[in-house]
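[1] could you work out the structure for the sequence below:
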Amino acid sequence: MTTTYTSYRLITADLTRSLQRVSEQPDVARETEYYLAKIGSIKTIDDFFADNRLYNYAMKAHGLEDMAYAKAFIRKVLSEGVDKEDAFANKLADSRYKALVESLDFARHGEAATSFDRAQKGVVDKYTRQTLEQNAGEENTGVRLALYFQRMAPTITNGYEIIADEALSEVFRTALQLPDEFAAADVDRQAEAYETAIDLKDFQDPQKLAAFLDRFTALWEIENSSDSYDPLAVFGSSSGYGISPDLLLTINNLKLGGR
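    Have a look, this model is predicted:
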């Protein structure tokens, strides 16, 4: 059986080729072809929500597949955009929502929102990467965590962003050999510990990031050699990293149906 370290290394040794193989999978190619053929004709948020196939593609691309049902919540995210400091997406600790707006910024660009490369090829690239990570996770959750961390780590600026993301936290706790109970510690203490242990700017250096993930994948293999780890505990039912209780409360306070 291939180890976590080896599997991760095989995928990332030629990441471009790995992504190409994913994009050529019949189901991925079919959904991507549909998305690219249709997205340019979408002029409003209503149009976007009316095409479930497009909507689900964009949601998965941003790691929000598990939130596709919460259309009222997503409508609020897209409607308010990100230009104003108090916009809904800017208030959420989860950066995936801001990324969705930046890809499909109807609030700023109106009918032209879907004409930009970030709304077309940019979303396709995200969808392919998400699929790569999900496919890897079907074989080994540790590989999926490593791939996710590789993608997200360069954007981390403080310890609180780590705490807000269970997948990032799992990687940190494993690599730093912290007990699971550490996740229940005071939030400020957790953030300080992460920032003290590692200079987060190091993750912008590919070599230092690779060294950190080498450590993580090796330790993950030791701690989860039977591969009995439950991916739902970290990633939720599909993509992303689950739904926090406070987020569920916010969703329940919104009307269902996307309006």
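
[2] which residue lies closest in space to residue 90, excluding its sequence neighbours?
    Distances taken as Cβ to Cβ, 6 or more residues apart in numbering place residue 82 nearest to residue 90, at 5.7 Å, with adjacent residues excluded. In this view, the C-beta of every residue, glycine as well, is placed from N, C-alpha and C.

[3] sorry, that was for residue 152
    Per Cβ to Cβ, 6+ apart, closest to residue 152 is residue 168, 6.3 Å.

[4] residue contacts, that neighbour?
    148-149, 152-153, 156, 161-162, 241 (Cβ atoms under 8 Å, 6 or more residues apart in numbering).

[5] of all those, which comes closest to residue 217?
    The closest of the contacts of residue 168 to residue 217 turns out to be residue 149 (Cβ to Cβ; 10.0 Å).

[6] by mean pLDDT, point me to the weakest helix or strand of this structure.
    Counting by mean pLDDT, DSSP states H and E, the chain has its least confident helix or strand at helix 232-235, which shows a mean of 50.

[7] pLDDT of stretch 109-118, averaged?
    The pLDDT scores in stretch 109-118 average 98.

[8] could you do stretch 82-96 as well?
    93.

[9] ramachandran angles for the residue nearest to residue 90?
    Residue 82 adopts backbone torsions of phi -140, psi 0, taken as degrees, to the nearest 10.

[10] wouldn't it be in contact with residue 101 here?
    Yes - shown here, residue 82 and residue 101 form a contact pair, counting by Cβ atoms under 8 Å, at 4.9 Å.

[11] please say which of the two ends up with more neighbours.
    residue 101 (24 against 20; other Cβ atoms under 10 Å).

[12] what's next to the helix or strand harbouring that one, contact-wise?
    Secondary-structure assignment from DSSP states H and E places residue 101 in helix 96-103. Outside helix 96-103, the residues that touch it by Cβ under 8 Å, 6+ apart are 58-59, 61-64, 74, 77-78, 81-82, 88-90, 92, 107, 118-119, 122-123, 126, 240.
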